[in-house]
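Student: no sequence on this one, just coordinates:
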């Protein structure tokens with residue numbers, strides 16, 4: 001009886017030891033294989049990105065485009081002398097479509113339009129991400145109305161509401 005009990009205990013201990021050894025071997029080999037796989041994929045991806053980035057040119061902003069920085073626009077919001085807005089933006093203009101327009105004069109006219117528009121905004125209109133998207137769309141529309149085909153886009157650099 002005691003011999004059978006000792007055999008059972010030793011076979012249970014041997015089974016637990018075998019399980020632990022197999023688990024440790026699986027963990028070790030999985031770690032080594034995973035590390036090698038991740039390193040290989042990462043190096044391959046970086047090499048592909050380096051090759052791709054050499055020739056990437058956005059056709060929308062090709063040769064004939066220029067970026068023209070506008071002066072910051074600072075004004076108080078509608079019906080509030082306590083709330084202020086500061087807008088910093090740049091224009092992407094296509095020089096081929098400017099024609100006889102002077103780009104500096106165009107920039108000043110667009111700045112003036114944006115200032116007039118900013119004075120009509122209320123604090124509630126600028127709340128949340130939708131408010132910012134609407135502001136961006138409205139400013140783009142005003143810039144395109146003033147500049148015609150020459151203005152490709154108005155890029156918001158920063159908007160501060162205080």
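Tutor: All right, it came through fine. Not measured: the values here are computed from a predicted model. Numbering: from 1, shown residues only.

Student: so after the helix ranked longest in the chain, what's the next helix or strand?
Tutor: Counting residues, the longest helix found in the chain (DSSP state H) is helix 2-53. As assigned by DSSP states H and E, the chain's next helix or strand after helix 2-53 is strand 65-69.

Student: pairing partners for that next one, with directions?
Tutor: strand 84-94 (antiparallel) (DSSP bridges).

Student: distance between the strand it pairs with and the chain's centre?
Tutor: In terms of CA atoms, centre = their mean, to the nearest Å, the centre of strand 84-94 is set 18 Å apart from its chain centre.

Student: cool, stretch 10-17 as well?
Tutor: Relative to its chain's centre, stretch 10-17 lies at 57 Å (CA atoms, centre = their mean).

Student: try stretch 142-162
Tutor: Between the centre of stretch 142-162 and the centre of its host chain there is 19 Å, according to CA atoms, centre = their mean.

Student: end to end on that stretch, go ahead and measure it.
Tutor: Its start and end residues considered, stretch 142-162 measures 23 Å (CA to CA, to the nearest Å).

Student: mind listing what's buried along that stretch?
Tutor: Using 16 or more other CB atoms under 10 Å as the test for burial, stretch 142-162 gives 142-144, 146-147, 150-155, 159, 161. C-betas here are computed from N, CA, C, even on glycine.

Student: re the thing from before, what's the longest helix of the chain packed up against?
Tutor: If contacts are counted by 3 or more CB pairs under 8 Å, 6 or more residues apart in numbering; DSSP states H and E, helix 2-53 sits against no helix or strand.

Student: lowest average confidence, helix or strand, in this protein?
Tutor: Each helix and strand of the chain was given a mean pLDDT (mean pLDDT, DSSP states H and E); the minimum falls on helix 2-53 at a mean of 82.

Student: how far does that one sit from the chain's center?
Tutor: The chain centroid and the centroid of helix 2-53 are separated by 38 Å under CA atoms, centre = their mean.

Student: swap in stretch 78-93?
Tutor: That offset, for stretch 78-93, works out to 22 Å (CA atoms, centre = their mean).

Student: quick one: average confidence on that stretch?
Tutor: For stretch 78-93, mean pLDDT is 86.

Student: now that stretch: buried residues?
Tutor: Quick answer for stretch 78-93 (16+ other CB under 10 Å): 85, 87-93.

Student: return the member of these nearest to residue 66.
Tutor: Closest approach to residue 66 among the buried residues of stretch 78-93 (CB to CB): residue 93, at 5.5 Å.
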